[in-house]
Structure formats: structure tokens, C-alpha cells
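> Provided below for reference: sequence and predicted model.
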Amino acid sequence: MAGTGKTDAVHGASFCASLGQLNESGMRRLKSAGVRRYHHNLETSECFYPRLCTTQRWGDRRATVERARDAGFEICCGGLFGVGETWRDRHDFALVLQDIGVDCVPINFLSPIPGTPLGGRQRLPVEEALRIIAMFRILLPRVSLRICGGRPSTLGSRQDALFRAGADALMTGNYLTTSGVDLESDLAMLRRLRLSPSRPHPASAQYS
């Protein structure tokens with residue numbers, strides 16, 4: 001994920017860690033090692049979460065995010081959309097992120113894969129996906145709103161509309177289980193839109 005942060009003297013990079021439910025001791029050790037941002041998604045609203053996941057509790061996930069915030073990390077926390085949640089769920093989810101005070105919100109759209117529990121769901125219509133982005137921008141005006149998984153399959157030929165909807169960042173390359181968009185294609189899209197990728201401050205570098 002692109003971003004800015006404290007430069008590591010050895011590697012010339014800033015690091016965003018995604019290491020699950022660390023305890024306070026682990027958070028302190030990670031912070032002292034030079035990591036600046038911690039990533040841990042809440043995925044959806046507290047009300048809808050049990051229909052999406054039964055192996056972890058939503059409250060435990062929130063507690064992890066709050067431990068990271070209290071340890072002094074920048075917070076990257078977002079979720080997955082198009083899994084059957086309502087607009088009320090989306091609204092409540094955004095308000096929780098607002099209450100926690102996150103810095104970056106990755107938005108992922110479901111890419112239904114046959115044979116998986118959600119494989120039979122329909123992809124979100126493009127207009128609905130763009131409305132989700134717009135709603136999060138309105139409710140979270142100061143966060144970095146990053147469009148990640150499901151971007152090419154959900155937005156298709158209208159990927160450029162994500163910026164007009166309110167996003168200010170995207171993840172380029174492939175995702176965990178699905179293909180994404182290669183860097184050169186994303187850079188070409190930015191050029192067509194007369195946009196420029198943000199450049200790190202001279203004392204900073206991209207997150208790894």
C-alpha cells in the first residue's frame with residue numbers, strides 16, 4: 001500500500017504490519033522495531049459480523065485495533081462489502097471507524113468464487129459500489145480511502161469513477177485470492193485522468 005511514514009534507516013522504507021490480534025507487549029515490540037502503521041480490518045458492522053465470520057469475535061477485532069491505536073500506530077482498518085450487509089450495516093460500520101479514529105480505510109468488494117460459502121452471491125452493481133465509496137467519504141472526510149480487493153471485477157471499465165466518488169488511493173497489483181490490475185495500467189489510468197500518484201516526503205518512503 002502506498003503512503004508516507006517514518007523512514008527505516010536500513011531499508012529506506014516505512015512499514016505497515018498486518019499481524020492479527022497482537023497483545024500489548026507485541027504491539028510495543030513492533031512499535032519499537034520501527035513499524036509505523038498497523039492494519040487490522042473489522043470487515044463489517046458488529047451486528048452483521050456473526051453472519052460473516054464465526055471463528056473470531058468482532059469485539060476482539062475492535063480491541064486489537066484500539067490496542068494498536070493506543071500503542072501509537074497509525075491505523076489502517078476497513079472491510080468487505082457486497083456480502084449481504086444492509087445500508088444500515090454500512091452506515092454503522094463507518095461510524096465505528098469514525099469513533100476509533102482510523103487513518104486509512106481499505107474498501108474491498110466481494111469477488112464471488114464458485115464453491116465458497118459466498119460463491120453464489122451477485123457482484124455489487126457499479127453504482128452501488130460507488131455509493132458506498134461516497135458514503136464513507138462523507139462520513140470519514142479526513143481518512144485515506146483506499147480501494148482494494150474486487151476493484152477490477154466490480155467496477156470494470158468504470159474504475160476511474162472511484163476518484164470522483166471520493167476515494168483518494170488504491171491498491172495496485174494482485175490480491176490474496178484474485179487478480180488485480182498491474183501497476184502500469186493503473187498509472188495509465190491516472191494519466192488519463194490527469195492525476196499524479198502521491199510522492200513520499202524526502203524523509204519518508206512507501207509502506208511495504
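Looks like it arrived, so ask away. Residues are numbered from 1 along each chain as shown.

> buried residues in the strand ranked longest in the chain?
Using DSSP state E, we find that the single longest strand of the chain is strand 104-109. Neighbour counts using 16 or more other C-beta atoms under 10 Å place 104, 105, 106, 107, 108, 109 of strand 104-109 among the buried residues. The C-beta positions use only the backbone N, C-alpha and C, and glycine is treated the same way.

> Let me have those in JSON lines, extended by distance to residue 129 and pLDDT.
Converted to JSON lines, those look like this (distance: C-beta to C-beta, whole Å; pLDDT from 0 to 100):
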{"residue": "104", "distance to residue 129": "19", "pLDDT": "97"}
{"residue": "105", "distance to residue 129": "15", "pLDDT": "98"}
{"residue": "106", "distance to residue 129": "14", "pLDDT": "97"}
{"residue": "107", "distance to residue 129": "9", "pLDDT": "98"}
{"residue": "108", "distance to residue 129": "11", "pLDDT": "97"}
{"residue": "109", "distance to residue 129": "6", "pLDDT": "97"}
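
> hey, where'd the strands end up in the protein?
So, for the chain - with DSSP E - the strands run 16-17, 37-39, 74-76, 79-81, 104-109, 144-147, 169-170.

> distance between the third one and the chain's centre?
In other words, strand 74-76. Offset of strand 74-76 from its chain centre (C-alpha atoms, centre = their mean, to the nearest Å): 10 Å.
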